[in-house]
Structure formats: C-alpha cells, structure tokens
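[1] Next one to model:
(2 chains)
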2 protein chains.
Amino acid sequence: MTAPRYVYAFDEAVPGGRELLGGKGIGLAEMTELGVPVPAGFTITTEACRAAMALGRAPDGLDAEVDEHVGRLEQRAGKRFGDPKDPLLVSVRSGAAVSMPGMMDTILNLGLNDVAVEGLARTTGNARFARDSYRRLIQMFGEVVEGIDGHRFEQSLADLKSKRRAAQDTDLTAEDLAELIETYKATYRESTGGEFPQDARDQLRRAVRAVFDSWGNPRAQVYRRAHRIPDDLGTAVNVVQMVFGNKGEDCGTGVCFTRDPSTGGQGLYGEFLANAQGEDVVAGIRTPEPLEAMQARLPKAYEQLLGTMRRLEEHYRDMQDIEFTVEEGRLYLLQTRAAKRTAAAGLKAAVDMVDEGLISREDAIARIDPAQLDQLLHPMLDPNEQYDVAATGLNASPGAASGSIVFDADTAAERGEREDVILVRWETTPDDIHGMIAAKGILTVHGGMTSHAAVVARGMGKPCVAGCEALSLDLKAGVARIGEHELREGDPLTIDGGTGRVIVGPVRLVPPQINEDFQTVLGWADDVRRLKVRANADTPEDAVRARAFGAEGIGLCRTEHMFFGDERLPVVQEMIMARDEQGRRSALDRLLPMQQSDFEGIFEAMAGLPVTIRLLDPPLHEFLPAFDEAPEEMRERIKQLQESNPMLGTRGCRLGLQFPEIYEMQVRAIVRAAKVVRDKTGEAPLVEIMHPLVGFAEELRRLRALTVAVAAEENDVEYLCGTMIELPRACIRADEIAEHADFFSFGTNDLTQTALGFSRDDAEGKFLTHYLEGGVLERNPFETLDQSGVGDLMQIAVERGRGAKAHLKLGICGEHGGEPASVAFCHELGLDYVSCSPFRVPLARLAAAQAALAETGAAYVAAGG
Amino acid sequence: MTAPRYVYAFDEAVPGGRELLGGKGIGLAEMTELGVPVPAGFTITTEACRAAMALGRAPDGLDAEVDEHVGRLEQRAGKRFGDPKDPLLVSVRSGAAVSMPGMMDTILNLGLNDVAVEGLARTTGNARFARDSYRRLIQMFGEVVEGIDGHRFEQSLADLKSKRRAAQDTDLTAEDLAELIETYKATYRESTGGEFPQDARDQLRRAVRAVFDSWGNPRAQVYRRAHRIPDDLGTAVNVVQMVFGNKGEDCGTGVCFTRDPSTGGQGLYGEFLANAQGEDVVAGIRTPEPLEAMQARLPKAYEQLLGTMRRLEEHYRDMQDIEFTVEEGRLYLLQTRAAKRTAAAGLKAAVDMVDEGLISREDAIARIDPAQLDQLLHPMLDPNEQYDVAATGLNASPGAASGSIVFDADTAAERGEREDVILVRWETTPDDIHGMIAAKGILTVHGGMTSHAAVVARGMGKPCVAGCEALSLDLKAGVARIGEHELREGDPLTIDGGTGRVIVGPVRLVPPQINEDFQTVLGWADDVRRLKVRANADTPEDAVRARAFGAEGIGLCRTEHMFFGDERLPVVQEMIMARDEQGRRSALDRLLPMQQSDFEGIFEAMAGLPVTIRLLDPPLHEFLPAFDEAPEEMRERIKQLQESNPMLGTRGCRLGLQFPEIYEMQVRAIVRAAKVVRDKTGEAPLVEIMHPLVGFAEELRRLRALTVAVAAEENDVEYLCGTMIELPRACIRADEIAEHADFFSFGTNDLTQTALGFSRDDAEGKFLTHYLEGGVLERNPFETLDQSGVGDLMQIAVERGRGAKAHLKLGICGEHGGEPASVAFCHELGLDYVSCSPFRVPLARLAAAQAALAETGAAYVAAGG
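    The predicted structure follows:
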C-alpha cells in the first residue's frame, strides 16, 4: 500500500473539494484553474492534519512531499528557500472547511533568517522593509509556534519607540529594526531555551505542525461544539509564495470591488497604491489613489485586473472584493471573496445581475440577507445631512434616533413623555426597563452585542449603540464626555444603531422606505413563497402600515392595548374593582362601543384580508397602578391580584373563564363591528376570534360555546374561532384542542418561556446573557426560535392537530414570525402563515421565499469566494 | 324482523351484562341466580333507553313487554297491580352501567291510588303507614315525573305539623295524613293541570319514561363529560316488587355486615328491628337491637340470613353490606354491596380472607385502597382517649392535630414557633400561606373539598377540617363559637382531618403506625411489585424514618434545606452578599464541613441504599430576608435578585453555572462525606449527584465536567451523575441530555408548572380552584399527575432518553411519586423507581404492586355488589 498523498499544488487537479483542501485552499485552486493569476503555492490536506492528530507527529511521507513541493516552488520562482542572497519567502495559513475563529491564522515571511534578511534588503533595496519583515516573522513564529506571550514583543517595540521618541512604527529606522531583531531573538531564547530557527525548512515544518495543533486549542473546540462542527474534520494548511508590491515603480498593491459596495452601482470601485505593500495601506502612511490611477502607471496589469474582475464575478455570480499586488509588472490576486455590501447595494446588485442575465430571479432572492435588510426598515440618518461622527460603538440594534440626552431611566420615563430622549448609561439593568421603553434610543459605554441593553433594545426594535468605550460618564456632575465634547442632560445627541455611529447634535432622520429594487425583489419573492405573511397590529394605523408593507392579514390584534388610553383605563379599573358581576358588566357596557369602534377601523383597513383578534390576555393587575402609587381603596384589590409568577397565573383564557362577561363583551364588540363594516362596505370582514393560553380542550370547548352563543345573539356575521398554542401542554394535546378550533396560532414567545422555563423578563440581561456570553447557548431563543426544543413541540402540535383535523389553519404570531431562520422553520413545518411586526413583514416575505427555494433547490447560492 | 327484547325478569338468563342491565339490574339478577331471596322484579334494558332517546317516545313493544312482566309479578305474588283491596306495589329505580349522580333515583310505592291505599291500610292493619306511603308516592312522582318544586310539598307538611303542634312527621295521625294527601293532590293539580294518575300501569309507564329522560338532564351530562362517560350508553330501569317488614311480629328489617366494618374482625355485625320498615330505622323512632336478637324472634329467617351472608361473601369474595326485610317470616335481600370499612378493617379482612383461603395474596393487594391507607399514616386521636365531638366539618386533609387556637396567619407564624397552633379562619387565602405552614392544623368555616384551605393543606400533608359551618367567628371580639363553647386565642382545640371532627380541648395523639396486618400486606406487595420505592428526605432523621417505612433509597435529598438553620443562614447570606468569587468562596469554605456532616449522617442511615442528592435549586433571594425587613446594606442586593417570575428565573443549574463555586463546594462535601462513611463502615455509599432544572444538554455537559473534576481532585469515591427532568424542553431533548446523564429523575411538580403554565402558588386557591369547582378540570394536577399532558411529555422523555442510552436509570421525585394513580402511571411508563415523602412510602409500595398486578391481570378485583 502506497502512503496517501497529503499535498497538492494550487495548479493540480484535485480529487476532493472543500473537505480535503479547506476553504482557502479550494479558493486558491479554483482561481488557479480559472487562469486568474495567483501566487504559486500548495495545500497540505485536512487528511494530513487528521493523521498528525492521530499519531501525535507528522505522518510518514509528509515532510518529503512538502519538500518536493517547495522544490517545485523554487524551480518556478527561480529562487531558493533559505537562500541567503535572494530567498524565496512563503506564508503559512490555516484553512479549514468551515471558517472558524480561534485557530492559528497566518505566519508571513517564512524563509528569512539572520543572513537572508540582508539578501532581501539588497534585492529590494529596502533594508527597513526587510528587517521589519524579519522581526514580524520572529514575533509571529514565537507567538504561534512557541506560545510566547505576544505582550513581550509588543513591549520591546514600545520601549524602543519611546527611546527613539518615535510616534509610529514607521518612524523607526533600519538600524533601529536591527536592534529590535536582536531584542526579539533574545526574548525567543529566554522563553524557549533555544535560538530562533535559521533553517527555512525547519521553520516551515514547525509552522505546519503549529497549524495542526491549533485545531485542538480550547477556543476552537468551544466554537466547534457551539456550531456542531465535528472535531475530527481537521484543518488544511496553505503554503503560498510571498509577493511584494514595493519593489519599485512597476509594483503596487490595491483593493477593488466589482461593483460599488455602498450603492451596488455598476462600474469599478477600488483603491491603488503604487510601489507599496498591503501593510502600507493599512498603516495609513500614504493615501491611496482611485483604482483608475493604475491605468496610467501599469496599463497592462490594469487591463488584466479588469478582465480578472469580470471573470471572477461571472464565475462566482456575485459581487467580489479582491486584494491584489503587482510585483514587477505582474498581477497577483491574493484573495477574492463575496463583497460585503450595504443592504441597498445588495438589492441593487441583485436586480442588476438579473437584468444582465448573470443570475436568475431565484438566485437574486436567495442571495439577499434578510437580517441585513432590517437596516432599511428603521428610521435612518438623512443621507443629505452633514454631520461628524464623534465616536463609534457596537451596532447593537438597528435604526437611528435623535433626541435629548438623559442619564437615568426615571428621567427618561418622565421627559420621554414630552420629547424624544436618548438614554445614555454605563450599562443598563432590568431596573432601567421603563426608561428604555420611554427612550427613542439607547447608548451604553459598556457591554457587547448580547449585553442587557443590546438584547432588550433589539427585542423592542429600538436603536441601540452599545459598548461605546470612547464615551465617559460623570453622573455626579451630570456630564458625558466624547473626545472634546462635554454633554449635559437635555443636550441633543444622535445615534445610528445600524452602524454604531454616535453624533453630537441633532440629525434629521428619514422614515424607512422600500425603494424600487427592494420592491422588485419582494415582488419576485411573493411569486415564489408558499407561506402567507401577516402582521401583528393593534390599531387602524398599524393596520394601514402593515398593508403598505405587504401584509396579507393581521395575525395578532391584541385587544388589551385598547384598554389603555385616558378615557378607557378608568373604566377598565372600575370593572376590575367591581364587587360583583353586575358591577363588572356595567363598566364593560361602557367599554363595548370603544372596542367596537377600534375593530371597525381595523376591519376597514384590512378589507378583504383576515384579521385575528386575541381576546384579553394579560393579568388584570397590569391595568392597576403599582401598589405604592395606588389610592388606598385600590390597595386591597391590588394585593389580591398580586401573583408570585404572573406569567403562569390568572391570565389568558383563565380570565375569560372566570369572568365570562369580559370575553362576552369583546366577542360582542367584534361581531357588531364586523356587521357595521359589512353593511357599510358591502364586504364581510374575515374575522378570526382567538382565545389565548389554552392548555386543555375543555377550556376551548367552553369558550367556543360562549363565542358561538354571543355571536348568535347578535347577528349573522361569519367568523372563525381558534386558539393560541403557547403552552407545552397545548402542543401535546393539540389533537383534543383541534376538535374545538378552526385555527391554531403559535405564540412562540410564551411557548419559549414555558418550554424552557425562561422568564423573559428575568432571563435577558441576567442568566440568559450569562449563557450567551459563556457559550452555553449560541443564540437568544427569544430572537431565534429554539428549533430543537420549542420547534419540536410545535412539530408535535402540527402533527397531532392536523391528525385530528386535516384542514386546521396554522400560523405563528410570536416575534419569531419575523426572524428569517424561524420563518424558514415555519415553512418546513407546513404552517399556513407567519405574523410579525409591520416593519418586519418585508423580511418575512423574503425569508419565506428563500425557504421555498431551499426546499426545491431552485436557486444557486454562491459558496466560498 | 322481530322487535328487540327490552325487558328481562331477575330470574331469567340474560344475553349481556352490566352494559345492558346496568349495575343495579345485574346485581339483582346475580343474587337471584345465586338463590339468594330477593323480591321479584324485572329490568328494562339500556337499549330501551337508547331507543327511547332516539325516538323521543317509548319504542314499539316496550309497553307490552312491561305489561307482560307485571303480569308475571302479579301471578307470582297472587296480588294485582292497582288492586283496590290488596294491591301489588312496586318501586322504580334507575341503574346505569356506571353509577352517576344527578339522575333520577327511586320512586317507591307505585300502584297506590285513592282506593288502593285504603286496601293497604286494611291488609297491613296500619292506616298511618298506608297513607304515609301514598303521600310519599305523590310527592316523589310529582317531583320526579312532573318536575314540581319539592319545596311545595315540604311546606305543606311543615304547615300541617305546625298546625298539629307535631314535632316529628311520626307525630301526625292517620287522619292528619289523609288531609295531607288531599293537600298534595291539590298541589299536583295546580302544578300540572291534571289529577294525580290513579291507574297503576299509567303511573309505571310515566315513571319509566322519567328515568329515561333523567339520563339527559344537565347535571348528568356535566358529570359524564367530566368522567368521559359516553353520552349514548343510556340507563336501565328496575321495577321491583315492594316488600314490607312492618306487617306484624313475623316481620322485621335490618342491616348487617359480614365482618366488623370498624375492625375487620370476623363474626356477625348488624342491627335488627322487628315489625318495622327500613325508614323507621332511618327516622330513629325506635332503637334497633343487635342482629343476634333476631335469632329468638325469627329463627328460620335468621338461619337463612346467616347462610346468605356466607354465600354472598364467598361469591363476591369481599366483605358485604346487606339490607334485608322479613315479610311474614320470609327473608328478602334488598341490596348487597361491598362494605364500606375503615382502613384498618380493610387490611385485617384482607389478611384474614387470605388465611381462610377465600382470596389470594394478589387479590388482597388489589383490594386495598391506597388512598384510604393514608388515614393510617398520619397522627391519630388516641383511641383510648375520651372526648366530645363539638362539630363536624369536611374531612379535607387527613390526620389529627391538637393545639392553641389562633385566628390569623401572622399570629400563627409567630406563636407557631413556640407551640402547636391550630389556625381557625372563615376561609384561607394565599395571604395565609405562612400561617398555614406554621400551624399544625387548619379549620375553616367555609369552603369545600377543593377550597384553598383544603387544597393547600392536602398539598402540605397537614390536617384540615374545612366547611365547618357550625363554627362562627367574631374576629373583632377574638371569639369562636361552636354550640355553647366560646373559644379565644390560645384555647386548646383538636381536629381530625380524616373524619372532619372538631373537639374542644386537647386530645392526646398517637403517631402513625404500621400494624401487623399492614406489614403483612406490604410484604406481599413487595414480592409483586417491579417499581422500587424511595423517599424524599433531607436529614438523617428523615432518612431513618424513610427506612422504617420501607424506603429503598433516597430519591431526593434537597441540599438547600441544609442552608437554613441559625448558624448556617448568616454564612449563606454572606456568600450571597459577597462582591466577588473570592468572597463567595470564603463563605462556602465554612459551609462545606456543615454540609459534609449532614451527608455523612444520611449516608450512614441509608447504608447499602442509593441516595440522590440534588444540588442547590432555589433562587438565592429565598435565603435573604424580605425587602421591607432587610437591613439597609442588603437591600440593593435583594432588589438585584428580585425576579418577576422566580419560578422561571435564576435557579437550579442556572445558578450552578453562574456561580460554579457553589456546586463545587457541594460536590466536594458529598464525595468527602462518602469517603468518610466508606472508611468508617467499610461500605461505600451509593451516591447519586443530581443537577436541577436542566433544559439543554450543554448545561449538563458542563456540570458533569465540573462534578467529575471536583470528585477527581478529592478521592476515588464512586458516584452517578444525573439530572432532574422538570422542563418540557428537557423531555423533548432527553436524547441529547441522556448522553451526559447516568440517570433522570422526573420533577413532576415543576414539570406540571411549566407544561401547563400553572404557577402552583398562583393557581391553587385561585384559578385552579375555580377550574376544579367549575369542572374545567376534574383533578388537581399537582395532586394527581396530568397523564395525558405532563405524562405524555414524560413518555416522550422516556422513549428518547432510553433510545439514546438503553440502561438510563429513571425515577420520579415530584409529589406525585406517592399518589396511587400516578404511581401506576410510572409503572406503565417503565420507570425504575418512585420517590415520595417518607409517610407515603407504604402507599407507594402498595400502589406499585397493584400496578404490577393490573398489568398481568393476576388479581381478582370484585366488581359490582
């Protein structure tokens, strides 16, 4: 048996794809195959890594294969690896099949040693560059291969700079760098007990081994476990010949996009820097020119680049982000990948590519990231406004907000009633919730993407910039400082949660809009999807907005929202305080016409589309003031109604069964409203009456009987009668419940709370945040449906419910109804519709189409790049 | 096609059993077949009832069949139905297959009319009796057949008594009764517009039709729905010849038991009244003699009765409760049924019957009602004590308690620390919980078996007498009145929750005991059952008690109980108040030896048996004082720890993951204790470490790693590591969780709370009580497992858990573990053990055996009777 082959050059035909060569390796091989100029190099396979892990050493034959491929590189380059005069240099890069943080990334400039560095200095005419390359090699090698603490190298560099009064690394001279190399080598010696390896092949062998080992490091392990990546995949290793864009005037480096990543517009977009390395661009010591400037300087390479860009876009059928270097007139592509783009650019590029015949409509739909579209569905900074960005934090929750600064939640709650306020805190806690509700936007100094502020703000759909460390607060003095700005309560501030930008002063905002490209893509999506998309809307205004966003009905109209409001709340409180049914009925009689008029408005707005109305759900104490603030005569009743776990208490249909007169009033208001609208418009509203929190079939049997009886007393309006499915028991006994239901609507917020035993109020910002930070959970189950837990319960409910009643109508009205991954899951479950907040309706339309396409495999989704 | 046959005489061979003839009909037919003397009669089948319901009238041929059978009765009796001189009289009784409240029960004396009543007066020589029988017929017939309000008849009777200054009904003379008959007939006329029917066959036809109709009355419908009895079963009707024990000295009536129903002792037990009717016994106008007195008066009938008693006990293989009448020297059995008996009597009779060879051991096990045994497992009134029962209420929660009266929960909580108190309230509310916890027993004036007091007391296993309406409270004066007694706070009072008795003054109590018969039956049960039975025990004392009751291990040791106690709580609070891990560890170091010593005691007590220890479960705020009572420096922390739904908050393994040092300390204390006990006794404790509230496999994976790491640091003690299954998600993903678990223990208390969305604190006494009272739910799911909801989730968990790990050990440690129906369900599920409170261990042993017998069908369970 011959030993397996472990190494493939980029230009070889390879028996295996991404699994064998890793993502980087397959990309380099593909570009080579396309005839795109890339530096020469080779890939050591994941199989070699697996063998090394199993053996605890390099497998037999690997070193010989690597030597052979290095030999080919030498032959092709006309340079020798380790040559003291004109050395061949290579980089070593890990590249697993799935990109993964925590692994060793890159060691550049392998092949340099004490002698070769001077050879490189001579051939490039740049001793500073050569020595800087060498000191970087020692540092990267020391850290990655030998595990030396990187701070030791950084400290030496800082000490030298301070000694030389050098502001930038680049202010150090070639002589300074020679001194630094000696310091680095001493550090290496002290830490390892040996000298920095002078033999190039020895450097390479040890670097490859370090990549293999990094597969098993704890951070990578945690990541794999969290993402369910098998531990035995292993990583590939890429060895790539170094190219330099700073060898003279026939050299240069640049970055370009095949379309404008901001707008999606056609045409070149990029930057070029002559006689420079990529690092120079990053360090900002010289200002790059527009890409077009390359045409005059390096016309041949420029033409070649244009052709290559076209070639790559055609091949990957997507906008590309390309890094290139020109060495002595020769173009090398170092990387190409799908370009990061704004949501608007993504839409425009997709629509254009369909027009150009590059991709199909299905491809275009599949291409758009619905989560990114969220950016377009919140108020934005007016693009015509001028402003300075004072600081940037984490883009924790999208949308822009402008208002007066407040420093505490109470003030936010108070001032928020009169004006727009931005709540600025070190970090938020659950005690700040009332302030967060009242504020237009939230800005915190500390905290990450899963901090309390971020999680809660996203949940509320409210703009938030978190972790803006450039900000400092002096709460005693009532001052916030950003750079030279000193801001006090009431001063105007603007944040953009989609980008993390913080702007001192007011900025005009523009409301969310669905531009032509967006409309085009959504139109295509509507042709493709099977799931209907409805909106959650409680008022006629919401209903109008929902329709404008393309909602095909209302999936959740929360009637309790109609119980608040200045003229209504006192009547509701009177109903709650009543000593007997008689007293309750008297108050309810006065509420009835108010509810009825709300329903009329909603029915009119949604003419021809279904409207699902949920009867009263929250516990009654939510309509009374807090105990401490309540008048004396209310306190006893408030105490009676207090519950230790209101989430699991007297609410939903439990209220409706205990005080049937409440639901009677609501049903009466609904059917009367339906009749009025039918008589007025000639079209009968499609009314769906929904009973919340049902866990037992008997509950729904009784409530259906109540509904039927009241409706029969009133008139001949048609309606459906159904239930929320939001308790685990309701899922389990969906068969029995279905007998009394025309439809089910999954309330996945409460179903998540009960199935997981997570009180949302107590989890977010508390133990759930701890779980997300610590990696116990990957995703917040209140944002993305817990498919394997809550989703499995839903599946049981679908099977049992439809088993008992084949044509049972099924929907979802939890917040997950607007989250793309959850929408896909609902499609797979076979639901009839999803319902979400009006602003998320376009996302849901797109996600539903993507789910339908994924099922049929009709769309081409670009991989790799 | 011939018409179906609708009527069968008691002495005919019948093609069909209970379904066709109903319970009463089959019993009368069986006794007739056995040769036991019963009055002649016949049964109209349930099929006739179904046909009548479908047709809305009597089916064709029914009247003719009934007439024919009446003819046979006449022939046999030598009397004619409706005969004016010596009429044949019959009773009409409903009798469905399942006994059911709400249906029409009985009409006696059919066949009497204005003329026949005087014939009866003459033949019996008792005009008073004859007329009383007639007026009763008019009343019963009027109420049941014609729906006349019974109060109208009662009022006429009361008016007449008042007019005659008669204290008792029996003080009315024959002449008075003649007047009453006229009044009744007038009432009948006014209400129906017609005369009371004088034709006997017409009376009979209408009575039969009324029984059929009563099947559909609302109360019966509700009952059937609640008990899942199909609506189309229908009821049978029994027509029985009347016999009279008051025709002279060769007549009499009596009641007897085949064994002593109080003790179970062998030998006759009964009462006899010569020349009397059963009603005379009930009315209490004459004092019955012991059964033996019959021997001298009616020696032949007496001998026949003895033979019949033996015959019936042998046939039914169970203790019988028999009603009989002797008419002119002839014995008639009117009824035989399984005798109601005390728990002790049931045990003794069962053991004796096995000795006598009458039943098998399996029969004996199957015969005992575990719920009734509960009476024997609480403190009881000392049977040697003398006391007067001042009043009787509902036997809401078994056990006796004696102590000082208190009238409010706060006083109960305060005095309860120093002495035994009985909490006396109009009714209890959730605000009284702390007082109920502190009290030894609870007595309420209002409320039924599902009132707050009853439900909560049963949940606590605490004696409770509810609905004692004879008691009145004057809380302002601080006085309770029962009859002539006036009681004040601190006065001694005794209650017996097993019988509902209330006794003024102290009574000595005796601890629960397992007598010899009980031990015998439990020994047999142990031979039969497959399920192991463990106890929930938190202290060495509990552990010793559990063993004494036959527990085969500890299924739940709650470590948080060890965190209370005067010397510990301050240290626990210090741990909670600590600003950092360092501070927590310092406090935990001091708690460790205390926990260790508790574990040592428990391990020693349970030598050789497994002990499952649950790590800290409750939210930390439970260890801090209430906000209002806390010192200033604690308040901020208390506020931080407050949660809106603590049931769904930071508790269980969420605590363990956030503060791993707590669980580390506990694991360390466990393994150190195990080593100490092993070294001391030479036997290694069987330690099972249990992590609470796991919902995700990753939680348990981490906690298992923590457990293994700490144990490895300590010593080589063996242990199992497992988890509670108490969240719906844990059931659903039991497959993944099983990978990290050696065992599962179902925590059905919390699983019920989360699966149903019922907070126990907020449900019981609130909406759950409303549900139970209103029939939405039949049973309290916290007492009896909700098999179709929670049980189905458990089944999913068992299937998925064992699917992933075939030999996964499975148990239950919720309170359902001691409830007989739930134990049976756990057996069917295939669990390995149930765990319950020590006092309930004997019940669980018996219930487990019964479940095993039910599965194999090895026991004979007497039906009917």
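[2] Tell me where the longest helix sits in chain A.
    helix A:581-605 (DSSP state H).
[3] Next, the angle from the next helix or strand after that helix to helix A:581-605.
    Tracing the chain C-terminally past helix A:581-605 and defining elements by DSSP states H and E, one meets strand A:610-614 next. Strand A:610-614 runs at 160 degrees relative to helix A:581-605, counting by axes from the mean of the first three to the mean of the last three Cα atoms, to 10 degrees.
[4] Neighbours of the residue nearest to residue A:680 when sequence neighbours are not counted, how many?
    Counting by Cβ to Cβ, 6 or more residues apart in numbering or on different chains, residue A:680 lies nearest to residue A:604, which is 7.8 Å off, once chain neighbours are set aside. (Glycine included, C-beta is placed from N, CA and C.) If you count neighbours by other Cβ atoms under 10 Å in any protein chain shown, residue A:604 ends up with 18.
[5] which residues touch residue A:604?
    By Cβ atoms under 8 Å, 6 or more residues apart in numbering or on different chains, the residues touching residue A:604 are A:540, A:677, A:680-681.
[6] pLDDT score assigned to it?
    Looking at residue A:604, its pLDDT reads 96.
[7] gap between it and residue A:677?
    6 Å (Cβ to Cβ, to the nearest Å).
[8] same thing with residue A:662?
    Plainly put, residue A:662 is 23 Å away from residue A:677 if you go by Cβ to Cβ.
[9] Can you tell me the SS state at the residue sitting nearest the centre point of chain A?
    Among the residues of chain A, the one closest to the centroid is residue A:371, at 6.3 Å (Cα atoms, centre = their mean). Recorded secondary structure, residue A:371: helix (DSSP: H, G, I helix; E, B strand; the rest coil).
[10] separation between residue A:456 and residue A:753?
    For residue A:456, the distance to residue A:753 - Cβ to Cβ - is 16 Å.
[11] can you count the residues close to the residue in the stretch 251-400 of chain A that chain B sits nearest to?
    For the stretch 251-400 of chain A and chain B, the shortest gap (Cβ to the nearest Cβ) falls at residue A:397, measuring 22.3 Å. For residue A:397, the tally of surrounding residues (other Cβ under 10 Å) stands at 27.
[12] pLDDT score assigned to it?
    Per-residue pLDDT puts residue A:397 at 84.
[13] ok, now the one 3 residues further on?
    Here, the pLDDT recorded for residue A:400 equals 94.
[14] end-to-end on stretch A:248-263?
    The first residue of stretch A:248-263 is 35 Å away from its last residue (Cα to Cα, to the nearest Å).
[15] So what's the model's average confidence on that stretch?
    The average of the pLDDT scores along stretch A:248-263 is 88.
[16] Tell me how far that stretch lies from the chain's centre.
    Taking Cα atoms, centre = their mean, to the nearest Å, one finds stretch A:248-263 lying 28 Å from the centre of the chain it belongs to.
[17] That stretch: which residues count as buried?
    A:248, A:250-261 (16 or more other Cβ atoms under 10 Å in any protein chain shown).
[18] who are the neighbours in contact with the residue lying closest to the residue nearest to the centre of chain A once chain neighbours are set aside?
    Leaving aside its sequence neighbours, residue A:371 sits nearest to residue A:820 (Cβ to Cβ, 6+ apart; 6.0 Å). Contact criterion Cβ under 8 Å, 6+ apart gives A:370-371, A:843-844, A:846-847, A:850 as the residues in contact with residue A:820.
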